[in-house]
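Undergrad: Predicted model, plus sequence, below.
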Number of protein chains: 4
Amino acid sequence: MATDDNLPPSGEADDHFHDECGVFGIFGRQDAAAIATLGLHALQHRGQEAAGIVSFDGSQFHVERHIGLIGDTFTKPAVLERLKGARAIGHTRYSTTGGSGLRNVQPFFAELAEGGLAIAHNGNITNAMTVQRRLQKDGAIFSSTSDTETILHLVATSKETHLNARFIDAVRQLEGAFSLVALTSKKMIGCRDPLGIRPLVLGDLDGAYIFASETCALDIIGARFVRDVAPGEMIVVTEEGIESFFPFEPQRPRFCIFEYIYFARPDSSVEGRNVYEVRKRIGAELARENPVEADIVVPVPDSGTPAAIGFAQAAGLPFELGIIRNHYVGRTFIQPTDSIRHMGVRLKHNANRRSIEGKRVVLVDDSIVRGTTSQKIVQMVRDAGAKEVHMRIASPPTRASCFYGVDTPSTAKLLASRMSIEEMAEFIRVDSLGFLSIDGLYRAVGEAGRNGDAPQFCDACFTAEYPTQLTDRHGSDNVRQLSLLAGGQ
Amino acid sequence: MATDDNLPPSGEADDHFHDECGVFGIFGRQDAAAIATLGLHALQHRGQEAAGIVSFDGSQFHVERHIGLIGDTFTKPAVLERLKGARAIGHTRYSTTGGSGLRNVQPFFAELAEGGLAIAHNGNITNAMTVQRRLQKDGAIFSSTSDTETILHLVATSKETHLNARFIDAVRQLEGAFSLVALTSKKMIGCRDPLGIRPLVLGDLDGAYIFASETCALDIIGARFVRDVAPGEMIVVTEEGIESFFPFEPQRPRFCIFEYIYFARPDSSVEGRNVYEVRKRIGAELARENPVEADIVVPVPDSGTPAAIGFAQAAGLPFELGIIRNHYVGRTFIQPTDSIRHMGVRLKHNANRRSIEGKRVVLVDDSIVRGTTSQKIVQMVRDAGAKEVHMRIASPPTRASCFYGVDTPSTAKLLASRMSIEEMAEFIRVDSLGFLSIDGLYRAVGEAGRNGDAPQFCDACFTAEYPTQLTDRHGSDNVRQLSLLAGGQ
Amino acid sequence: MATDDNLPPSGEADDHFHDECGVFGIFGRQDAAAIATLGLHALQHRGQEAAGIVSFDGSQFHVERHIGLIGDTFTKPAVLERLKGARAIGHTRYSTTGGSGLRNVQPFFAELAEGGLAIAHNGNITNAMTVQRRLQKDGAIFSSTSDTETILHLVATSKETHLNARFIDAVRQLEGAFSLVALTSKKMIGCRDPLGIRPLVLGDLDGAYIFASETCALDIIGARFVRDVAPGEMIVVTEEGIESFFPFEPQRPRFCIFEYIYFARPDSSVEGRNVYEVRKRIGAELARENPVEADIVVPVPDSGTPAAIGFAQAAGLPFELGIIRNHYVGRTFIQPTDSIRHMGVRLKHNANRRSIEGKRVVLVDDSIVRGTTSQKIVQMVRDAGAKEVHMRIASPPTRASCFYGVDTPSTAKLLASRMSIEEMAEFIRVDSLGFLSIDGLYRAVGEAGRNGDAPQFCDACFTAEYPTQLTDRHGSDNVRQLSLLAGGQ
Amino acid sequence: MATDDNLPPSGEADDHFHDECGVFGIFGRQDAAAIATLGLHALQHRGQEAAGIVSFDGSQFHVERHIGLIGDTFTKPAVLERLKGARAIGHTRYSTTGGSGLRNVQPFFAELAEGGLAIAHNGNITNAMTVQRRLQKDGAIFSSTSDTETILHLVATSKETHLNARFIDAVRQLEGAFSLVALTSKKMIGCRDPLGIRPLVLGDLDGAYIFASETCALDIIGARFVRDVAPGEMIVVTEEGIESFFPFEPQRPRFCIFEYIYFARPDSSVEGRNVYEVRKRIGAELARENPVEADIVVPVPDSGTPAAIGFAQAAGLPFELGIIRNHYVGRTFIQPTDSIRHMGVRLKHNANRRSIEGKRVVLVDDSIVRGTTSQKIVQMVRDAGAKEVHMRIASPPTRASCFYGVDTPSTAKLLASRMSIEEMAEFIRVDSLGFLSIDGLYRAVGEAGRNGDAPQFCDACFTAEYPTQLTDRHGSDNVRQLSLLAGGQ
């Protein structure tokens, strides 16, 4: 989904792409909302700022939306008690602003002529502004700045009579990335865009169907993984069972390859591949492509750890936890005072001098975005006495913004968009710097290499080759981006 | 506005009609939101549960909505800081439920094709459900259960091109009671329904125009009272000044006479009459119509006080504060335990034995709704040693529900709808019970009496003569009442 | 009790003496803490900022202390649930600062060698600092800046063996005003200083004994008033019943006469007199001493109301609510912005123009402290069109600070300490100003007049004749006042 | 410090010893409280439930104590602003109950005759109850149930005149484990018990001296590690510099060996050894003592990770992250409903099937306390398809309670106290189970083995050989344990 703000990540600068969301749905199981709470808890890494659940109890819908971690908000007995019913969908999102930010917390719900409809969305609709302006001209009003509300309007204004047809009518007008879960008084629907950019899996818990962004949300509740929802597939769950539709023109799928690099949890399997195993293979490819004489391999925890293990195994070097991460960093850790701000405080990471001193260190991280965090970490490792620091990055240089539901800085702020690898090495002050090649990345996920004519994945952040139109961006320079509206509107 | 819940009033049963709302708007004055905060604070008696303010700073709208008293929520510096701009409208409302109740807190705001529109509404649209169903059939989606959102949709879907015309197009489709204040990027609009059921006044603060439900909201900020907005009038404020429109067929006004009895603040003047003075005249009429040999006149504080003063002066009896009210009753005072619940705890009122003991007491209250509180208060006065208790009510018996923005119990629960005055006297255990006659009430407000052919006020709660159609009620028995939807939907 | 801060009263300047506390105790009744909650709620006017309850369940003590109104904090089920037992004492206090202010919230509790002891205190110990310094020299440590903790230490360090004797030993070392309620595992004790400066009454609820600052705390729960605890009396309640002790040298009582003027609730009876009736007599005396040709008598609500009724009855003038008070003023109402601050905002009171315009108004208030509020109110009444404004004050001029548990400004800030009555009249801009004489005040409470040789009451705030030593004040100029320590220590 | 409650760890059962505290102090540096906040943040793993800081600004002390994580409470600008001054000490603690639990949050502060004294304490005084009873008999009163308050009383009641002497007098009366940091208006004191059971280090930040429980609290602010405070040493910091005292009879040190196994952070160095390196050596010793044919080594994250790396390296087996930990577990995660409770929900850990399936797995954990978590984790690994599961524990069996500031279950609940290793293996359902020997543990920390006559460390939890007297325990069976008092007293 598109967001209405670009909050800096909390704590010290977290130099990663962000803004993934997680979705979850369950149909036909007592305590559906409690189960959704657990599922969303397992998807918390996809969005830490706010969450929502809509349940249906057979006659009424119930909505709860809260800012904060699932484990702090949805676990309160009063909240769960209000979310009655055996069907529920939920959503966890990356960022919100202030109190009124609740307005943009999903799932979105509306009373249509034919009854209630709730939608939770992971991805970003790249023609949402254009569609919204058309709808507004016809008299539609919008209560949020989220592209998800646009989908609700498209279902509401469809000329079709049956809900399935109305839903199909709506999603056919969408462009971009979307993995949706929807709930009506009769049905739960899961749907992925024709390229399948964002993940969505189907699970089963003693006969109750489940949709979830990743398999880790099935594991937490002991549900069985059935299969991935296919790119372009719309699955409708009713009391009678499930039905599958393919409403879109068939296209070659383009799953987001960055899900393997950073977004998904290592214990998840998405699109048939286990994330941890892919990351280890990435590390191995990285070692082969960028060998170096060194004493130890140290991950930047936690995201660099699997690749570092793979690197160490492939390179025959010892894997060491030379950097320790403080997991207690509060969500609102503000650098207290000016005099403190200049102390170079290490809130989140600390180098372990005794493991590093006098060593030639291979530092493995998943990606470099702005490079500022890398700079600090390298300095910290040097301060701890490393003889040499060799940085190895488990992905190609990130050169382009993502328009598919990921919070990326403007291209100008991406280090790789304005520096050569040598310049970057100098900027972050390492003895050597190596990135994984794009073909190496494709090999790690099991391909022979990137098929330049018909790439097997969405890799636009590395190649700037966007697999869909970007109507809101290209159609008109005057189009206001939904993401630029004031949070409190 | 219609509400989605029927919360019992907090504290011990408060046996009054409720659900009035207050509206306020200011155009062209620095710190508009702070001034709106003060205005709403003066209107707090019209709605204590939640409030909202929308401001416009010349380029963006800002929205804040909070559950709780104005003085606890909108006075926080961070809240006011976010509400930038020299134009603002606000709303205070009677009731909400839980966290998600925020969804129904006004003003409502939407981005229309031509820009932002915010509306705050006091009253109730009696054909809102019917209009909503028509709009939903055309694809409109609703994010609240409030009739105010319906007005937004009507403006949004109007075929007219200019905002004034669109607004007129919208309000012409409304039936019922509405005193509206609206804000766009260019204008502030104040509008009353053709009968002028709810109050709305126009004020001026050093050249900045103000709309407010009552004059007390002008007094708090030292603004000048200009005039009442006329029934059926729509006043448009722009940077150029104000313009007046009369978009409705002219009708004889029917201002809510209960505003004088209970809703409005005694220091306000609405529709040309000072509320305190009317209440004193009501007390005097009551004394004339229902004389009694007694020693003292005691008000049920605070709402019975002005009528008791009028009664005492007319009857030549001493006025005494024989009942003391505890103003600290928290909004959430729950009777602590079962064993406590049966102690007959006096959270809110206490009789002053030394003033009452051995006396023949005239007890003056403004109205009787269910009669349960009267019962308790009479018992308390008897326990304090009163020799006789004569209850005098400053209004006729309330026999019918209100559909114009007032929270009334179902007719069956209204004591006067199922008992004669004698039965009521027995029920509340008084030595005598007297109500003001309907003609006495009209005399107190300055009329010769009620004109049965063309009543000068809306007095439906006493007479069941509703001055407008009640489409949602009569059109179909199947129509869901907006007010019956679950709060958390 | 002495406080560690001098918070300005919330809302617009509230020009009154403050810092009274309320105490309550109950022994031998199921849900003792819930009953104490109700009792403290009735005593809320004696202290609005924080409250505490200690209960004993037969084997353990339980303590809860919270900042905020009783009705917002102690009515939560979880709080009451933790306060198990059939015995409880409680305290409500006027002022605290910040979070750490909780440290000073009473009752105080300590584990002594012989078991737990909790004490709640209304008043102020005028030799607390001196005693504290002596105790510290012997190795005692203090965890608060409250004089109440000093009493705990005196009990703890007594050389006596039995609790009664230890308690007597302790209170005999105290100087100043104290109405105490204490709880041990065996007993509840109520005790007043030998002059009986602060009130304390004994009640009975179906056999369970109660101590409370005022009778209104008995009324709320339907308890029976037994008698005042006598000045200098110590009553010990055990399972066997009550026992009375008089540990002090007999002295002529000096009850605080200001309790009748402002502190106590009008429906309470203290020291044998009903407060409302005394206030009415004060109004009548005031009318006799300061007659004036006028049209109406208007109280400054709510504290001036009973005296205004008495004044109007004695003067044969109509009593009118010419000033309306907004009861919704939040505890933290901050004047929002600078530009607002200069608007002369009327948060708390509003004059009712229609009652006042063209009239010669007698304005009745209970006292003048700094005079700033009087100034504003007079101006407001003039702005509302009063022809003349005659201020009548229901007490003599307040000229001296109180050291007995009342928050008074320094003498220099007391208007009457630096101006003659004529100057004061000019300062607050009234046509005439009249105070009650000290003899008139004594007549209103039933005396023939003030006995200058042996005054019947403490009236030090009017006369600067302090009935006790003020050791901490006079003993040494270097003595740190407890009230000057930082709140957060 | 001793605690007054035994809260179950939040989230799913966390089968570890707990109740370590962390202390920090800084003397002579602007923004001392902000720096203390950072230091405590780095020590958060030693106590997550509450924290406190006392600062001194040259004339006044300021105290803040809050329940919750440092990063959520002490980073608020208003909190830090109140903690003025260039000197501060702080404390983070494991457990508290309810609101009133604040009473037990350290540092403790008292006004003694000679000025303020604040103390923060890590450890447990094993004769605190006995001393407390003696002090109470002399009239001392206690406002907490913490043994730290006892130390304050001992300083307060000392007959010595100078603070150093008074402090020495106090600590000489203590028995048990204590690493203290104290602050007066002139000095900061750091002191360890003669056995040096708990750690305490001395650091330097541009000339400002620092005390901290572990070196990681120096690293976060870039401070220099000077040296460990020696067992039995008392270091006094003044504006003139530092002075060292050895007030106790010299004894052979007995540092807590469990600090190396679990309590300390891996990047810290305590008593001259780097924790991560010790843990790796423990893993290597474990591999040597308990070899097994297997395919992969999997840590139970995060505490088992360093030992697993050491095990894998020594055994020549691949190290794999076969179990992924969810770091988002809220502090209050309650299993939502009964039906959920029986689903075997995996809130905290998830096995990564693809890494484990078909493999012979060596599972490495740091210790086994009750065995319940081990049971669940083994089951999870089996469910994920492991062919064999071999559990290796990086410590000897824990057989006895700790009385030195660690929250251990009663001996009866310790799995190793009632089962043989074979029985334990059966209980947790592993194919084999191996513990590190006590001599292996001593080898890992660099000794040749355990010296049975004069053990080099405190290892009482493995051997039940307590290095100090346990007066409160042995002196009398009737002694109430401080830890058994009600939290809310």
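TA: Yep, it's here.

Undergrad: Which of the helices or strands spans the closest residue to chain D within the stretch 1-150 of chain A?
TA: Going by CB to the nearest CB, chain D is nearest to A:G71 of the stretch 1-150 of chain A, at 2.6 Å. The way it works is simple: take the backbone N, C-alpha and C, and place the C-beta from them, glycine included. Using DSSP states H and E, A:G71 falls within helix A:70-73.

Undergrad: For A:S244, the count of nearby residues, please.
TA: Residues lying near A:S244 (other CB atoms under 10 Å in any protein chain shown) number 12.

Undergrad: list the contacts for it?
TA: Contacts for A:S244 (CB atoms under 8 Å, 6 or more residues apart in numbering or on different chains) come out as A:E233, A:M234, A:I235, A:V236.

Undergrad: Now A:G115. Nearest residue, chain neighbours left out?
TA: A:S185 (4.7 Å; CB to CB, 6 or more residues apart in numbering or on different chains).

Undergrad: In the stretch 151-300 of chain A, what residue comes closest to chain B?
TA: Residue nearest to chain B within the stretch 151-300 of chain A: A:T157 (3.0 Å; CB to the nearest CB).

Undergrad: Surely that residue touches A:K137?
TA: No. Using CB atoms under 8 Å, A:T157 is not in contact with A:K137, being 11.9 Å away.

Undergrad: The two: who's more crowded?
TA: Neighbour count, other CB under 10 Å: between A:T157 and A:K137, A:T157 has more, with 20 against 12.

Undergrad: mind checking the backbone torsions on that one?
TA: Taking degrees, to the nearest 10, you get phi -100, psi 0 for the backbone angles of A:T157.

Undergrad: so where's the stretch 351-489 of chain A shaky on pLDDT?
TA: Under the criterion pLDDT under 70, the flagged ranges of the stretch 351-489 of chain A are A:474-489.

Undergrad: what are the ranges of the helices in it?
TA: For the stretch 351-489 of chain A, the helices defined by DSSP state H, counting those that start in this stretch cover A:353-356, A:372-383, A:415-418, A:421-428, A:438-444, A:460-463, A:471-474.

Undergrad: packing partners for the last one?
TA: Counting by 3 or more CB pairs under 8 Å, 6 or more residues apart in numbering or on different chains; DSSP states H and E, the packing neighbours recorded for helix A:471-474 are helix A:128-137.

Undergrad: Wondering if the helix it packs on reaches chain B at all.
TA: Yes. Against chain B, helix A:128-137 shows contacts by CB under 8 Å from any CB of the partner chain at A:R133, A:Q136, A:K137.

Undergrad: okay, which residue is most central for chain A?
TA: Against the mean C-alpha coordinate of chain A, by CA atoms, centre = their mean, the closest residue is A:E20 at 2.5 Å.

Undergrad: And it, which helix or strand is it part of?
TA: Per DSSP H and E, A:E20 falls between elements, in no helix or strand.

Undergrad: wait, what's in contact with the residue of chain A most remote from its centre?
TA: Going by CA atoms, centre = their mean, the residue of chain A most distant from its centre is A:G358, 38.3 Å out. By CB under 8 Å, 6+ apart, the contact set of A:G358 is A:G385, A:A386, A:K387.

Undergrad: Apply 10 Å and report the result again.
TA: A:D295, A:G385, A:A386, A:K387 (CB atoms under 10 Å, 6 or more residues apart in numbering or on different chains).

Undergrad: So which of the contacts of A:S244 belong to strands?
TA: Assigned to strands by DSSP state E, the following of the contacts of A:S244 qualify: A:M234, A:I235, A:V236.

Undergrad: The closest residue to the last one other than its chain neighbours in helix, strand or coil?
TA: Among residues not flanking A:V236 along the chain, A:E243 sits closest, at 4.8 Å (CB to CB, 6+ apart). Under DSSP: H, G, I helix; E, B strand; the rest coil, A:E243 falls in the strand class.

Undergrad: And for A:G310?
TA: Three-state call for A:G310 (three-state DSSP): helix.

Undergrad: count of neighbours near it?
TA: A:G310 has 27 neighbouring residues, counting by other CB under 10 Å.

Undergrad: distance of it from chain B?
TA: Distance, A:G310 to chain B, using CB to the nearest CB, to the nearest Å: 45 Å.

Undergrad: Would you confirm that that residue contacts A:P266?
TA: No. Using CB atoms under 10 Å, A:G310 is not in contact with A:P266; the gap is 11.5 Å.

Undergrad: anything in contact with each of these two?
TA: Counting by CB under 10 Å, 6+ apart, the common neighbours of A:G310 and A:P266 are A:Y276, A:E277, A:V278, A:R279, A:K280.

Undergrad: Okay, and the third one sits in which element?
TA: Taking DSSP H and E as the criterion, A:V278 maps to helix A:275-289.

Undergrad: quick one: pLDDT of the nearest residue to the residue of the stretch 151-300 of chain A closest to chain B once chain neighbours are set aside?
TA: Computed as CB to CB, 6+ apart, the closest residue to A:T157 that is not its neighbour in sequence is B:G139, at 3.0 Å. As predicted, B:G139 sits at a pLDDT of 91.

Undergrad: Doesn't B:G139 lie inside a helix?
TA: No. If the criterion is three-state DSSP, then B:G139 is coil and not within a helix.

Undergrad: ok, it - contacts?
TA: B:G139 touches A:112-113, A:135, A:138-140, A:153-159, A:166, B:157, counting by CB under 10 Å, 6+ apart.

Undergrad: Would you mind checking the residues you listed for buried ones?
TA: Those of these that meet the buried threshold are A:L112, A:L135, A:G139, A:A140, A:H153, A:L154, A:V155, A:A156, A:T157, A:S158, A:R166, B:T157, by 16 or more other CB atoms under 10 Å in any protein chain shown.

Undergrad: Distance from the chain centre to the helix holding A:V278, please.
TA: With CA atoms, centre = their mean, to the nearest Å as the basis, helix A:275-289 stands 21 Å off its chain's centre.

Undergrad: per-residue confidence averaged over the helix or strand just after that helix?
TA: Toward the C-terminus, helix A:275-289 is succeeded by strand A:296-299 as the next helix or strand (DSSP H and E). Mean pLDDT, computed over strand A:296-299, is 98.

Undergrad: Same check on stretch A:38-58?
TA: Stretch A:38-58 comes out at a mean pLDDT of 94.

Undergrad: returning to that earlier point: could I get the contacts of A:G358 in JSON lines, plus columns for distance to chain D and neighbour count?
TA: Converted to JSON lines, the contacts of A:G358 look like this (distance: CB to the nearest CB, whole Å; neighbours: other CB atoms under 10 Å in any protein chain shown):
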{"residue": "A:D295", "distance to chain D": "13", "neighbour count": "17"}
{"residue": "A:G385", "distance to chain D": "12", "neighbour count": "15"}
{"residue": "A:A386", "distance to chain D": "14", "neighbour count": "27"}
{"residue": "A:K387", "distance to chain D": "18", "neighbour count": "14"}
